[in-house]
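>>> Pasted the sequence and its predicted model underneath.
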Amino acid sequence: MSDVLLRHKQRRAAVKSDVILDVQELKVHFPVYGGFLQREVGTVKAVDGVSFQLHEGETLGLVGESGCGKSTTGLAILRMLPITSGKIVFEGVDITEHDPRQMRPVRRRVQMVYQDPFGSLDPRMTIGDIIGEPLEIHKLHGNKAERRARVMDLLKTVGLRQDMIDRYPHQFSGGQRQRVSIARALAVEPRLLLCDEPVSALDVSIQAQVVNLFQELQEELGISTIFVAHDLAVVRHVSHRLAVMYLGTIVEISTCDELYAHPKHPYTQALMAAIPVPNPVIEAGRSHQTIQGEVPSAQHPPGGCRFHPRCPHAMPICKEQTPKLLPQGSGLVACHLFT
Amino acid sequence: MPDITETSLIILPASIKRPNAVSEFFVRLFREKPLGAAGAVICLLFLFAGIFADVLAPYGYNQIMPINRMKPPSWQFWFGTDNLGRDIFSRVVYGARLSVIIGLSAASLATAISIVLGIISGYLGGRFDMLVQRFVDAWMSFPELVVLIVIVAVIGPGMFPVIIILGGFLGIGGSRIIRSAVLSVREQSYIHAAQSIGAGINRILWRHVLPNVLPPVIVLFTTRVGAVILAEASLSFLGLGVPPPAPSWGGMLTGSSRNYMYLAPWMALAPGICLTLVVFSINMFGDAMRDLLDPRMRGHR
């Protein structure tokens, strides 16, 4: 009960407080080379005009099917990919044009948790060295003893035993590694945490534990988080707001409750309908509204609304005009049904 | 795999550390690769012969005994004597020292060059990589020995020029192998993680990339030792290596031993057998190591 109250309080606080990250019309296009001379023959529009704001202490879930550009959006915010156009404003500073040197202080404030718990930890380093590395890089907790003490602290925070500090990643299970990854991200006390499908590589039972850990940490530390995932059940658990992506664009952003209760965009509706219901009796009685066809190529996205070839409500205007993200209820929707 | 340990957070006691990789390696070497193990033993024997040459050799390497010229192998002179009356066994033992020194130092130099070139070129990629790799291509298309002969002819023979030339030559060619290992490590997400944390390029290259390409580095080093010893012997055979009277195996094969080949075949036989044996052993050991440590490198030299 108190848990619910706390989240509610936080959500209200989040609405009032400042914008920590402002992404404006972000585009990330990858050139495609082909032919005999390896000339540029086209571009994959992985992210094509994404805008959203993230508030202090808020968790934004970024969902969509594989290839919709949700991970790319995350990496672009971290400036790990070349940005084609658009703007990323972090803590009031435009970091779109920052060079690596200018990015360094920013990297301290933004940390990332990766999808693959087996690849994201250097197999030749001990857990202590891995978690301590960001401290070393950003020259926090200067000497070795202090760093070690801080790492011990962090291990405790993420629910690992402190005597594990001198072990190597291969001695840990997937869930434990992901805890190490989280501890590394928390080491420098970031303001923004980017989680790129942090639980999708884990067993379902372990997923729940790691998701709970995320939730606890959020409540205690109030870090703004972008949570990229394709598992809607997981995202619902941790997010305040949700952004649904389709083929490089955001089709709908709304608060979690609103989006699950009243999905507006036809794509969101189809996604929600695809969530299985745990009760087999209800599940059997449900009519499944599945989306027809496949996701079109991001190299040649359909004109107008990108969802129109698969949309059950497609109208003539959908082929002509790209719908804008417009306020609808408590969120924003990009669909001609509402214009 | 159901993960029971996770829920209770009980894991193995701390005393169970990472299994000792080195001892594990040698156990596997003897069990799975007997030929490689034999190679390792012979390599060690020659290494010891080189290190303790002063103790092992019954005579000096340039100790001339005119009464004992061209004596066949006997209990007094195990491998016989040469046309000047020098004990060939002693010379072979001292020759092992020379081969060990040249082999290890030139191979170290070669490996160092390969590491620096391979890691930087592989990690940076793009235009720099392209430039370096075309240079390596061009370099490798020259006939090795001819280039060596030309360079030695210009700067003169001696141990140091030989080490530097062989080290540089093999180092540039070997950078390919390190580079290909770096290319796969570069895409690992722990490298991305290091970048996103804000690690500088130096930290990423030497703290993250290098330790993770170590297996091919070790293999490369071993095979290079054999290649260097052989190359030095070839140069000495042509009179361009370490100048006499230093007892180089290659040098012992040429000159007077060729003139007296029918009269005293043991003069050439002893260093020839040693050379073949050492290079063969190193290659066997290197191949076994490559199979055990890094199966990707099969087929490379």
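All right, it came through fine. Numbers count the residues shown, from 1 in each chain, chains lettered A, B, ... in the order given.
>>> For the closest residue to chain A within chain B, give me the pLDDT.
Of all residues in chain B, the one sitting closest to chain A is B:Gly198 (3.3 Å; CB to the nearest CB). For glycine as for every other residue, the C-beta is placed from the backbone atoms N, C-alpha and C. You'll see B:Gly198 listed with a pLDDT of 84.
>>> Same question for A:Leu194.
At A:Leu194, the predicted lDDT confidence score is 91.
>>> Kindly report the same for B:Ser108.
Per the predicted model, pLDDT is 93 at B:Ser108.
>>> returning to that earlier point: so what's the residue of chain B closest to chain A up against?
Shown here is B:Gly198, whose contacts under the criterion CB atoms under 8 Å, 6 or more residues apart in numbering or on different chains are A:103-104, A:107-108, A:134, A:137-138.
>>> residue contacts, residue 69?
Picked chain A for this. For A:Gly69, the contacting residues are A:28, A:46-48, A:50, A:245, A:247-249, A:298, taking CB under 8 Å, 6+ apart as the criterion.
>>> my bad, the chain I had in mind was chain B
By CB under 8 Å, 6+ apart, the residues touching B:Arg69 are B:81-85.
>>> Same question for A:Leu247.
Residues A:48, A:68-69, A:295-296, A:298, A:301, A:306-307 are the ones in contact with A:Leu247 under the rule CB under 8 Å, 6+ apart.
>>> The same query, at a cut-off of 6 Å, please.
For A:Leu247, the contacting residues are A:68, A:301, A:306, by CB atoms under 6 Å, 6 or more residues apart in numbering or on different chains.
>>> Equivalent analysis for B:Val217, please.
Taking CB under 6 Å, 6+ apart as the definition of contact, B:Val217 has no neighbours.
>>> what about it, which SS state?
Classification of B:Val217 by DSSP: H, G, I helix; E, B strand; the rest coil places it in helix.
>>> how much space between it and B:Met289?
Between B:Val217 and B:Met289 the computed distance is 11 Å (CB to CB, to the nearest Å).
>>> Throw the contacts of B:Gly198 into TSV and include neighbour count and distance to A:His170, thanks.
Written out in TSV, the entries for the contacts of B:Gly198 read as follows (neighbours: other CB atoms under 10 Å in any protein chain shown; distance: CB to CB, whole Å):
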residue	neighbour count	distance to A:His170
A:Met103	18	31
A:Arg104	16	30
A:Arg107	23	27
A:Arg108	21	29
A:Pro134	25	21
A:Ile137	19	24
A:His138	17	27
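>>> want to throw the residues you listed into a markdown table with distance to chain B, pLDDT and secondary structure?
Rendered in a markdown table, the data for these read as follows (distance: CB to the nearest CB, whole Å; pLDDT from 0 to 100; DSSP: H, G, I helix; E, B strand; the rest coil):
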| residue | distance to chain B | pLDDT | secondary structure |
| --- | --- | --- | --- |
| A:Met103 | 7 | 88 | helix |
| A:Arg104 | 5 | 86 | helix |
| A:Arg107 | 3 | 89 | helix |
| A:Arg108 | 6 | 88 | helix |
| A:Pro134 | 5 | 90 | helix |
| A:Ile137 | 5 | 88 | helix |
| A:His138 | 7 | 86 | coil |
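>>> Max pairwise distance over those residues: which two?
When the contacts of B:Gly198 are compared pair by pair using CB to CB, the farthest-apart members prove to be A:Met103 and A:Pro134, with a separation of 14.0 Å.
>>> If you go by neighbour count, which of the contacts of B:Arg69 are buried?
When burial is judged by neighbour count using 16 or more other CB atoms under 10 Å in any protein chain shown, the buried members of those are B:81-82, B:85.
>>> Out of these, name the ones that lie in helices.
The subset of the buried ones among the contacts of B:Arg69 located in helices under the criterion DSSP state H is empty.
>>> Can you narrow those residues down to the ones near chain A?
Among the buried ones among the contacts of B:Arg69, none lies close to chain A by the criterion of CB under 6 Å from any CB of the partner chain.
>>> Out of these, which is nearest to A:Leu121?
Distance from A:Leu121 was checked for each of the buried ones among the contacts of B:Arg69 by CB to CB. The minimum falls on B:Asp82, at 61.0 Å.
>>> can you list the contacts of B:Arg69 in TSV and add pLDDT?
Formatted as TSV, the entries for these read as follows, by pLDDT from 0 to 100:
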residue	pLDDT
B:Thr81	78
B:Asp82	77
B:Asn83	73
B:Leu84	76
B:Gly85	75
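>>> Tabulate those (CSV), appending distance to A:Ile88.
What follows is these, written out as CSV (distance: CB to CB, whole Å):
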residue, distance to A:Ile88
B:Thr81, 82
B:Asp82, 78
B:Asn83, 81
B:Leu84, 80
B:Gly85, 84
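>>> Out of those, which sit inside strands?
Assignment to strands by DSSP state E places none of the contacts of B:Arg69 there.
>>> Quick check: closest non-adjacent residue to residue 283.
Defaulting to chain A. For A:Glu283, the nearest residue in space outside its immediate sequence neighbours is A:Val277; the separation is 4.5 Å by CB to CB, 6 or more residues apart in numbering or on different chains.
>>> Chain B, not that one
B:Gly226 (5.2 Å).
>>> mind checking the SS state of A:Ile250?
Taken by three-state DSSP, the conformation at A:Ile250 corresponds to strand.
>>> Now do the residue lying closest to B:Gly241 once chain neighbours are set aside: how many residues are near it, please.
Computed as CB to CB, 6+ apart, the closest residue to B:Gly241 that is not its neighbour in sequence is B:Leu235, at 3.8 Å. A total of 25 residues lie near B:Leu235 under the criterion other CB atoms under 10 Å in any protein chain shown.
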